[in-house]
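Chemist: Predicted model follows, preceded by the sequence.
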Amino acid sequence: MGKNVSAHSLHGKFMNIMRLYEELDKIPRKFGTDQTLKSSEVHLIELIGENEGRSVTDLAKLQGVTKGAVSQTLKRLEKKGITLKEEDPSNISRSIVTLTNKGKTAFYSHKHWHETMDGGFKEYFLNLGQEKIEFLAEVLTMFETFLRQRISTEK
């Protein structure tokens, strides 16, 4: 981008980035399995993989959604052979959610996808001067704050 960039064009670029991220997030992927996985399913797989031995209630709290929402996604993942619910041996009224081998494949494939999808941004950021890093940190913090505020007002 040239030096004569207007605030209006920056706003347009910002909105375009948000739209592109939403579009990318909606694309179902297989993540090393024979099953197509939606974004909500992959995010739950990620949560389970990073928080082994948790219950549906625990996962709902960690994800910030209802137990019903987690249960619905888990039903789809169980049908796909990705997750299992097992009785907690220390509390029979509680179920522990685990990943099957197929679920672990999806979990690690998703982690690898994140590690490789940055498109060179990490390298770009590592080569920036401190002043630019501080400016970008400020912009990204404002962006994060804006999104959190929008989300809280929409709920």
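Modeler: Cool, got the structure.
Chemist: Which helix or strand contains the nearest residue to residue 143 once chain neighbours are set aside?
Modeler: Distances taken as C-beta to C-beta, 6 or more residues apart in numbering put residue 14 closest to residue 143, at 7.6 Å, once the chain neighbours are dropped. For glycine as for every other residue, the C-beta is placed from the backbone atoms N, C-alpha and C. Assignment of secondary structure by DSSP states H and E places residue 14 within helix 7-25.
Chemist: any residues touching that helix, and which ones?
Modeler: Contact with helix 7-25 is made by 39, 143, as judged by C-beta atoms under 8 Å, 6 or more residues apart in numbering.
Chemist: Let me see the domain layout of the chain.
Modeler: 29-117, 119-155 (automatic domain parsing).
Chemist: ranking those domains by mean pLDDT, which is last?
Modeler: In terms of average pLDDT, domain 119-155 trails the rest of those, at a mean of 88.
Chemist: Pull the distance from it to the chain's centre.
Modeler: Distance of domain 119-155 from the chain centroid (C-alpha atoms, centre = their mean, to the nearest Å) equals 17 Å.
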